[in-house]
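1. Provide a 3D model corresponding to the input given below.
(2 chains, ligands or ions: 3)
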Amino acid sequence: MHEHDVLVIGGGGAGLRAAIAAHEEGADVAIVTKLHPVRSHTGAAEGGINAALREGDDWELHAYDTMKGSDYLGDAPAIETLAQDSPEETIQLENWGMPFSREDDGRVSQRPFGGLSFARTTYAGAETGHHMLHTMYEQVVKRGIQVYDEWYVSNLAVTDHDDPADRECHGVVAYDIKTGAVEGFKARNGVILATGGTGQVYDHTTNAVANTGDGAAMAYRAGVPLEDMEFVQFHPTTLPSTGVLISEGVRGEGGILYNAEGERFMFEYGYANNAGELASRDVVSRAELTEVNEGRGVNDEYVYLDMRHLGEERITDRLENILHLARDFEGVDGLEEPMPVKPGQHYEMGGIETDENGETLIDGLYAAGECACVSVHGSNRLGGNALPELIVFGARAGRHAAGADLGEAEITKGKTPEIEQEDGLDTPVEPGAVGASDEDAVADGGAAVVEPDETVRTAVERERTRIEELMEKDDGIQHAELREDLQKSMTANVNVFRNEEGLKQALEDIREVREAYQDVYVNDPSRTFNTDLIHTIETRNLIDLAEAITLGALARDEFRGAHWRQAHQERKDDEWLKHTMLSWNDGSPELWYKPVILEGEAKTYEPKERSY
Amino acid sequence: MSTQVPEEQDQEQPESVEQEAETAVEEEPASHGDRRRAERDAKRQQSVSGAPAEIEGDTFQLKVFRYDPEVEGKMEPRFDDFAIPREKGMTVLDALIYARDRYDTTLTFRHSCRQAVCGSDALFINGRQRLGCQTQISDLEGPVRVEPLPHQDVVKDLVVDMEHFYDQMHAVEPFFQPEEESDGDLEEYRQTRENREKIKMSTRCIWCGACMSSCNVAAGDNQYLGPAAINKAYRFAMDKREGENMKEHRLNVMDQEHGVWRCQTQFSCTNVCPKDIPLTEHIQELKREAVKQNLKFW
Ligand SMILES: Cc1cc2nc3c(=O)[nH]c(=O)nc-3n(C[C@H](O)[C@H](O)[C@H](O)COP(=O)(O)OP(=O)(O)OC[C@H]3O[C@@H](n4cnc5c(N)ncnc54)[C@H](O)[C@@H]3O)c2cc1C
Ligand code: SF4
Ligand code: FES
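-> Ligands and ions are numbered 1, 2, ... in the order given. A predicted model of the protein is given here:
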């Protein structure tokens, strides 16, 4: 059994920042990650980090923009913390040598971004995430922090208490991808989940193949509630064959969207008569899909984004990266032809419920980054707000786990007296586990296992048995097909456009995949680098998260932020200023609601119509 | 051998590499799962073969290196052939995923971002180091031949051991060591635009290992730091904010036996780098700086 004070699961932006913070606090910390840290998806971020650094800007403006951007579904204490801590955290990165773009006076450059009242997006070319990831990894190397890379964490070691609020996390079980060994990792102080996004729930996403929501699914099954999962951000300009992102910068520079008939549809059909191509992400995504649905899409699938008129000089000067992307990933020459684009899944606003200190409902278990929902993005994330989230809340979780006193959190966790239970949601099938077996639940109840070492050992045993079973079976169904069925249904039914019928269809499909998963087997008999096995375990996580997204979406009959419902085209503040919470409850998901906190440090944010 | 290919699958599936005799459906397998399993088994048998592919229609042949130290039949390295339907925009990584998901789920390779930023799928494709995700099939001549990076130990199939590469990266003190401590308080270490431009290309490295694998010198001298690590050192040595003393220290690290002087300016690293980093030029520049530094003290 490996043992450390603090275990950080995931080596992306949030994980690295958490590890450095815990180390600075004096803890013996280790990172356990299924990819080598520099391969994490944070490296793909392009745009920048929002931080109120300059005269004329201040954290309160940043907080206000963020609350408005969230469509009033963010929690004020989290948003204000983000805005307050981001400047220092951003400069900290600069001090660690992150190669930011520079102004004439040598200070870091900032640029305007959608939904921001000040040009506060701090950037390093169009590769901000790459530089951020590498800079923090360099600091990890400098400090000699131990990294277990290519170790897949497959379960949490949590005590057996009946009530999730009484449970404690003492470590994790991980699988050494290179050798196949299943081993226990004990954390004396805490485990921090920083496992990133869930894009692979969809078949068309800007996310990496590794973004399978493992941490969120593990925490959920251990008894931590998932929050606001229905809010999924779709980006309007992704390449059709891969989902690779074509930056908003193209439209910013004057790129034009056309349909198959050559019409500039944003104006032609009145989707956004003022802003046109530069309307917000959700508006443009809906417009594109409407064109396709009405038969004006190219090949019934996408539309064109044209930048040829900008001229070669301007394109190579400002959008060179885009030429490479279109060429390498779609085989299209952006100087000669328009680029095909369509909306793609981009970001999961929801996740593991945490407070401002990164703590979850389970003692000793923390979460930070895209897998978490401290609720800074609400129903719609502003561009440039995810990267500060990683460093602000990654650092806080790291410090807290290492024992620093960050003060009492204002955000509550779990069920409080104000909760509102949703029962009577009309679902076509009983959601949740099919013939839930023991290994599904991390804790069985009955408080049989509470002692730390024993908790980790028991978890390891369970995991060894589960993996043994998957490997021994040589007949059944394989993960790739199940994943494909799941992704197709999610894309067809729980996409930009949502209606009751589709959401119900998705639940039926998810159920079918869940049933079929009972019969899943791993074809590859090898213990060495068995990606077949890893993908099989990941697929289980996708099923649980797809269900969480769909259940939340079905229940929320209003239109807020990224969540659009055909029959409910308005924001319903009277009913819906609340977070959707989902608890695993021994395999039968339970839906409940938690009020949004609109009271900030100095003021209360009043919901207003969101117009730009 | 009789394979079961359910009829409705025939059109959708690519032509097999080595067509078995026309197969008929003997009986429709019972359950959903059974049917799919039968389809997959049939496909797998069709697709893997040692014989050269007979390419029909818009399909190309993918030849993939296979090896597994643990599995009988794979301990002896070999190539498997897969018939892959050509699609517009298809990359080598797409083709590998297709082969894995449709034909043989044991096919093993690293990949994640599919957009040339994670550096995990550097492979030896048609005799050259490239990122699978960044290489269009339409740019390659068939058959498309995919092998693990040369000069690295093969773990399994296309996966190589990267430890040595990481060790070399770590050996050059790959972290910023500025001259003076920042006073906290939101103060940046100001940097001129020119100095940022100077180091910009060197900061683009994604640790893919292609350069190291292409380098003859690295292949012959296991201790040679190699182009990626030297480039990492360049990034800091050229950053004016680290100050003269630190620069001297960095040049000393580069000036040792297995440092910059090993480079024989063959340009192979520069040629394969997927991020277009002028590696050879950076190494040359460090050589020049090292000479200059020594001259100062003579
Ligand atoms: C194309 C793109 C562009 C973007 N641009 C911007 C931008 O300009 N500005 C902005 O603010 N945001 C941007 N975002 C969003 C932002 O980049 C992400 O939200 C953020 O990087 C996520 O970081 P993370 O640390 O939470 O996760 P990741 O970086 O994805 O890291 C997850 C880590 O967890 C590990 N892991 C996962 N599962 C397991 C497991 N089971 N066991 C062990 N380890 C595991 C992985 O190995 C990895 O190291 C962008 C996102 C995308 C996809
Ligand atoms: S220098 Fe280029 S080829 Fe070498 S590891 Fe970095 S990105 Fe890859
Ligand atoms: S998959 Fe990330 S570089 Fe190719």
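
2. could you report the distance from the residue of the stretch 501-612 of chain A found nearest ligand 1 to chain B?
-> Nearest residue of the stretch 501-612 of chain A to ligand 1: A:Glu538, at 7.5 Å (CB to the nearest ligand atom). Every residue, glycine included, has its C-beta placed from N, CA and C. As judged by CB to the nearest CB, to the nearest Å, A:Glu538 and chain B stand 12 Å apart.

3. one more: A:Ala78?
-> Counting by CB to the nearest CB, the gap from A:Ala78 to chain B is 22 Å.

4. for that residue, give me the pLDDT.
-> According to the prediction, A:Ala78 has pLDDT 98.

5. with adjacent residues omitted, what lies nearest to it?
-> In space, and not counting its chain neighbours, A:Ala78 is closest to A:Val374: 4.4 Å by CB to CB, 6 or more residues apart in numbering or on different chains.

6. look at the residue of the stretch 501-612 of chain A closest to ligand 1 and give its secondary structure.
-> helix (DSSP: H, G, I helix; E, B strand; the rest coil).

7. next secondary structure element downstream of the helix or strand encompassing A:Glu88?
-> Secondary structure from DSSP states H and E places A:Glu88 in helix A:76-95. Beyond helix A:76-95 on the C-terminal side, the first helix or strand identified by DSSP H and E is strand A:110-111.

8. so after that following strand, what's the next helix or strand?
-> On the C-terminal side of strand A:110-111, the closest following helix or strand by DSSP H and E is strand A:121-122.

9. is the helix or strand just after that following strand positioned near ligand 2?
-> Next in sequence after strand A:121-122, counting helices and strands by DSSP H and E, comes helix A:128-143. No - judged by CB under 6 Å from any ligand atom, helix A:128-143 makes no contact with ligand 2; its nearest approach is 10.7 Å.

10. now do helix A:128-143 against helix A:76-95, angle only.
-> 70 degrees (axes from the mean of the first three to the mean of the last three CA atoms, to 10 degrees).

11. and helix A:128-143, which residues are buried?
-> Of all the residues in helix A:128-143, those buried under the rule 16 or more other CB atoms under 10 Å in any protein chain shown are A:128-142.

12. and what of stretch A:12-30?
-> Buried-residue list, stretch A:12-30, by 16+ other CB under 10 Å: A:12-25, A:27, A:29-30.

13. picking up where we left off before, residue contacts, the closest residue to the residue of the stretch 501-612 of chain A closest to ligand 1 other than its chain neighbours?
-> Setting aside the residues directly before and after it, A:Glu538 is nearest to A:Thr212 in space (CB to CB, 6+ apart), at 4.0 Å. Applying CB atoms under 8 Å, 6 or more residues apart in numbering or on different chains to A:Thr212 gives the contacts A:198, A:200, A:538-539, A:541-542.

14. at 10 Å instead, please
-> A:34, A:195-201, A:483, A:534-535, A:537-542, A:545 (CB atoms under 10 Å, 6 or more residues apart in numbering or on different chains).

15. in helices only, show me these.
-> Among the contacts of A:Thr212, the members found in helices (DSSP state H) are A:483, A:534-535, A:537-542, A:545.

16. for those, which one is nearest B:Ile283?
-> When those are compared for distance to B:Ile283 (CB to CB), A:Ile534 wins out at 37.6 Å.

17. coming back round to it: near ligand 1, from the buried residues of stretch A:12-30?
-> Among the buried residues of stretch A:12-30, ligand 1 is touched by A:12-15 when using CB under 6 Å from any ligand atom.

18. between those residues, which is nearest chain B?
-> Comparing those against chain B with CB to the nearest CB places A:Gly12 closest, at 10.7 Å.

19. how many neighbours does the spatially closest residue to the closest one that is not a sequence neighbour have?
-> Once flanking residues are discounted, A:Gly12 sits nearest to A:Ser40: 3.6 Å by CB to CB, 6+ apart. By the measure other CB atoms under 10 Å in any protein chain shown, the count of residues near A:Ser40 is 32.

20. before we move on, what about A:Glu422?
-> Per other CB under 10 Å, the neighbour tally for A:Glu422 reads 16.

21. tell me the phi and psi of it?
-> phi -100, psi 110 (degrees, to the nearest 10).

22. low-confidence ranges in the stretch 501-612 of chain A?
-> By pLDDT under 70, the low-scoring segments of the stretch 501-612 of chain A are A:611-612.

23. identify the residue of it closest to chain B, quick one.
-> Of all residues in the stretch 501-612 of chain A, A:Asp524 sits closest to chain B, with a separation of 3.9 Å (CB to the nearest CB).

24. thought that residue was touching A:Met471?
-> Yes - look at A:Asp524 against A:Met471 with CB atoms under 10 Å: they come within range, at 8.6 Å.

25. now for these two: what residues contact both?
-> Contacts common to A:Asp524 and A:Met471, judged by CB under 10 Å, 6+ apart, are A:530, A:532-533, A:536.

26. export those to a markdown table and tack on neighbour count and distance to B:His249?
-> Converted to a markdown table, the shared contacts of A:Asp524 and A:Met471 look like this (neighbours: other CB atoms under 10 Å in any protein chain shown; distance: CB to CB, whole Å):
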| residue | neighbour count | distance to B:His249 |
| --- | --- | --- |
| A:Asn530 | 27 | 44 |
| A:Asp532 | 24 | 47 |
| A:Leu533 | 24 | 46 |
| A:Thr536 | 25 | 49 |
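
27. from those, pick the one nearest A:Arg556.
-> Distances from A:Arg556 to these, taken by CB to CB, are shortest for A:Thr536, at 31.7 Å.

28. now the phi/psi pair for the closest residue to the closest one other than its chain neighbours, please.
-> Leaving aside its chain neighbours, A:Thr536 sits nearest to A:His479 (4.3 Å; criterion: CB to CB, 6+ apart). Per-residue torsions, A:His479: phi -60, psi -40 (degrees, to the nearest 10).

29. A:His479: neighbour count?
-> A:His479 has 25 nearby residues by other CB under 10 Å.

30. ok, residue 116 - contacts?
-> In the absence of a named chain, this looks at chain A. So A:Leu116 contacts A:50, A:52, A:57, A:61-62, A:65-66, A:69, A:110, A:382-385 (CB under 10 Å, 6+ apart).

31. not quite, I wanted chain B
-> Residues near B:Ala116 by CB under 10 Å, 6+ apart: A:44, A:244, A:324-325, A:328-329, B:131-135, B:206, B:208, B:274-275.

32. before we move on, back to that, my read: the residue nearest to A:Ala78 touches A:Met349, true?
-> No - with contacts counted by CB under 10 Å, A:Val374 stays clear of A:Met349, the gap being 11.2 Å.

33. and those two? which has more neighbours close in?
-> A:Val374 (31 against 27).

34. could you report the separation of the more buried one from A:Val201?
-> As judged by CB to CB, to the nearest Å, A:Val374 and A:Val201 stand 21 Å apart.

35. can you give me the offset of stretch A:290-297 from its chain's centre?
-> 29 Å (CA atoms, centre = their mean, to the nearest Å).
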